[in-house]
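S.K.: With the input below, show me the fold.
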Amino acid sequence: MYGDICMKNSKKLWKYLVKCGKILPINLRSDSLKYTFDFQQIGEATEFCTVKAEGFKTACASVSFMIPLSDDASVYALVPNILTRSSEKYPTVTLLEKKLAALYGAEIAADVSKIGENQVLKLAVASIDDRFALHNESIVTECCRVLFELIYNPKFVNGVFDADEVESEKRLLAEQLGAEMSDKRTYAKNRLEEIMCADELYGINRLGTVEAINAVTPEALTEGYKKLLKNAKVLVSVSANGNIETESIKALFSEYANGFERAPIKNETLYVEKAEDVTYVKETAPVKQGKLVMGFRLGMKDRNDNYAARRIMTDVFGGNPNSKLFKEVREEMSLCYYCSARMIRAKGIMFVQSGIESFNEEKAKTAILDQLEEIKKGNFTEEDLEASKKALEDAFKSVSDSPEALDSWFTTQLEHSEYLYPEDYINMFKKVTKEEVVEAAKEVTLDTVFMLEGTEEEGEDE
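M.R.: Residues are numbered from 1 along each chain as shown. Okay, here's the model as predicted:
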């Protein structure tokens, strides 16, 4: 949701700038951008990151809070959404929108994600870059002021969040979670996570449950907000052209945040290296297309354990149109409408998701596992290996396409504060050999299979 809003905002800003004659529309390739990243520890479990790039037309600033997943996931998931509505200085949506409009149409967005066994709550603001301001205003700094105001000076009524606003945000979050449950592809993936990691925090949905959302009171949400400010690891990130007023933004953040007590909780993720046996669960749904999801343990001890080889292996297996799953299972055997593999580095697991005719379940499972065996035997070419490396290189290079993309890139590294450039990973991938991919595949074990069986003979595929 955050990315979609920022993308729409960037397009709107671009049209505005062209209309005002501030810039001419040109095609600027991501590989022509030169950017630098700077990281500083500015407080207890509080980090400040800046990305300066030549060529950005827009800017993005965000504050992310990372806290271990828990039964309070629904409470925490509501916090960023309620904070985007108002503050002491901007007590109504109208006043807040008026302020953002004065900042050349800046927009505030909220996002909830999961990194390993941690919940990440982000609030972000997107704006034009300072050099396009009509009167040389410091737009980025002022947008940061608004962002910090919303986070650290929320509007309370009798010491708690406004009851009507809380009810509104509860309804919207419950609808978002309900939409994910209605999307059977997403539902099947989430169920696989829940079953596979039933005894691990990773099995908790980043939004919690509808029941938990509905049970949240203004008092509970206020308490959750205070706990988040006290216990979470914090990342402040600003991405813009090279003229970021770093020191003034840091001072501004300290002005807002220093009055709050801090007792950060250490963030750790449990890595399970090997599956002892295979869990199988089947459910039915009134849809035509069945959903088969298979969860594998990758053999990882931590996020850096032979990461590059495992990432390439996942891509050769099912990460691109040249992969085994796409060419063999989908195209050659015609067993799936879609079939792909995805590595979750922050947890050391891999998912294979496929849409199938339910009567093809056993054939599809066998075919998927057979293709993994082929990789373990080394039955893939150097061309396959190079195709995967090239696909990953292109994907990682696209990170520098926008301030929002770079902001998201560095946020995903918040868990371990090990901030690397996309190019660092590209160089790792280039060094991976076929033998290393084979050895990585040999450590993969099947953990869980979830089948959502379709019960409708006709209908739209989902």
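S.K.: C-alpha only now, for contacts and for neighbours.
M.R.: Fine.
S.K.: so where's the protein shaky on pLDDT?
M.R.: 1-33, 457-462 (pLDDT under 70).
S.K.: rerun at 80
M.R.: For the chain, applying pLDDT under 80 flags the ranges 1-34, 54-55, 242-243, 456-462.
S.K.: Pull up the gap between the residue most central in space within the chain and R311, please.
M.R.: Geometric centre of the chain, nearest residue: S113, 5.2 Å, by C-alpha atoms, centre = their mean. S113 sits 21 Å away from R311, going by C-alpha to C-alpha, to the nearest Å.
S.K.: likewise E200?
M.R.: Using C-alpha to C-alpha, E200 is found at 23 Å from R311.
S.K.: More neighbours: these two, which one.
M.R.: A direct count of neighbours by other C-alpha atoms under 10 Å for E200 and R311 places R311 higher, at 24 against 17.
S.K.: ok, that one touching G348?
M.R.: No: using C-alpha atoms under 8 Å, R311 is not in contact with G348; the gap is 10.5 Å.
S.K.: For S323, see how far away the residue nearest to E439 when sequence neighbours are not counted is.
M.R.: In this structure, E439 finds its nearest non-sequential neighbour in K376, 7.1 Å apart by C-alpha to C-alpha, 6 or more residues apart in numbering. Distance, K376 to S323, by C-alpha to C-alpha: 14 Å.
S.K.: quick one, which of those two is more surrounded?
M.R.: Per other C-alpha under 10 Å, whichever of K376 and S323 has more neighbours is S323, with 24 against 20.
S.K.: where's that one relative to L298, distance?
M.R.: For S323, the distance to L298 equals 18 Å [C-alpha to C-alpha].
S.K.: go on, E386?
M.R.: 22 Å.
S.K.: Neighbour count: the two, which is higher?
M.R.: Looking at E386 and L298 with other C-alpha under 10 Å, you find the greater number of neighbours at L298, namely 30 against 18.
S.K.: doesn't G348 make contact with that one?
M.R.: Yes: contact criterion C-alpha under 8 Å: L298 and G348 qualify, at 5.6 Å.
S.K.: Who are the packing partners of the lengthiest helix in the chain?
M.R.: Looking across the chain with DSSP state H, the single longest helix is helix 163-182. Here helix 163-182 touches helix 73-83, helix 184-196, helix 210-215, going by 3 or more C-alpha pairs under 8 Å, 6 or more residues apart in numbering; DSSP states H and E.
S.K.: okay, the ones you listed in CSV with distance to Q41 and mean neighbour count next?
M.R.: Shown next, in CSV, are those (distance: least, C-alpha to C-alpha, whole Å; neighbours: other C-alpha atoms under 10 Å):
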stretch, distance to Q41, mean neighbour count
helix 73-83, 23, 24
helix 184-196, 34, 20
helix 210-215, 34, 16
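S.K.: Format the ones you listed as JSON lines; extra columns: distance to F161.
M.R.: Listed next are the helices and strands packed on helix 163-182 as JSON lines, based on distance: least, C-alpha to C-alpha, whole Å:
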{"stretch": "helix 73-83", "distance to F161": "8"}
{"stretch": "helix 184-196", "distance to F161": "31"}
{"stretch": "helix 210-215", "distance to F161": "15"}
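S.K.: any idea how far R303 is from H416?
M.R.: Applying C-alpha to C-alpha to R303 and H416 gives a distance of 9 Å.
S.K.: And the two? Which one has more around it.
M.R.: More crowded of R303 and H416, by other C-alpha under 10 Å: R303, with 16 against 11.
S.K.: Contact partners for that one?
M.R.: By C-alpha atoms under 8 Å, 6 or more residues apart in numbering, the residues touching R303 are R345, A346, K347, G348.
S.K.: Now with 7 Å, please.
M.R.: Counting by C-alpha atoms under 7 Å, 6 or more residues apart in numbering, R303 touches R345, A346, G348.
S.K.: Closest to V160 out of these?
M.R.: Lowest distance from V160 to these (C-alpha to C-alpha) belongs to A346, with 35.2 Å.
S.K.: contacting residues around that closest one?
M.R.: With contacts defined as C-alpha under 7 Å, 6+ apart, A346 is in contact with I115, G116, R303.
S.K.: can you redo those residues as TSV with secondary structure and distance to E261?
M.R.: Formatted as TSV, these follow (DSSP: H, G, I helix; E, B strand; the rest coil; distance: C-alpha to C-alpha, whole Å):
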residue	secondary structure	distance to E261
I115	strand	25
G116	coil	26
R303	coil	31
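S.K.: List just the nearest of those to L406.
M.R.: Here the nearest of these to L406, counting by C-alpha to C-alpha, is I115; it sits at 16.5 Å.
S.K.: Quick check: which helices or strands does the helix or strand containing I426 pack against?
M.R.: Taking DSSP states H and E as the criterion, I426 maps to helix 422-430. In terms of contacts (3 or more C-alpha pairs under 7 Å, 6 or more residues apart in numbering; DSSP states H and E), helix 422-430 is packed against helix 382-397.
S.K.: Identify each buried residue in the helix it packs on, please.
M.R.: Going by neighbour count (16 or more other C-alpha atoms under 10 Å), the buried part of helix 382-397 is D384, L385, E386, A387, S388, K389, A391, L392, E393, F396.
S.K.: same deal with stretch 443-462?
M.R.: By 16+ other C-alpha under 10 Å, the buried positions in stretch 443-462 come out as E443, V444, T445, L446, D447, T448, V449, F450, M451, L452, E453, G454.
S.K.: Also stretch 308-317?
M.R.: Across stretch 308-317, burial judged by 16+ other C-alpha under 10 Å covers A308, A309, R310, R311, I312, M313, T314, D315, V316, F317.
S.K.: do the same with stretch 219-236
M.R.: Using 16+ other C-alpha under 10 Å as the test for burial, stretch 219-236 gives 221-222, 224-225, 227-236.
S.K.: So which bits of stretch 161-174 are buried?
M.R.: Neighbour-count burial for stretch 161-174 flags F161, D162, V166, E167, E169, K170, L173, A174 (criterion: 16+ other C-alpha under 10 Å).
S.K.: could you measure S87 against F148, distance?
M.R.: Distance from S87 to F148, counting by C-alpha to C-alpha: 10 Å.
S.K.: ok, now L173?
M.R.: Distance from L173 to F148, by C-alpha to C-alpha: 23 Å.
S.K.: same deal with L177?
M.R.: Separation of L177 from F148 (C-alpha to C-alpha) stands at 28 Å.
S.K.: Repeat that for S239.
M.R.: Going from S239 to F148 by C-alpha to C-alpha gives 16 Å.
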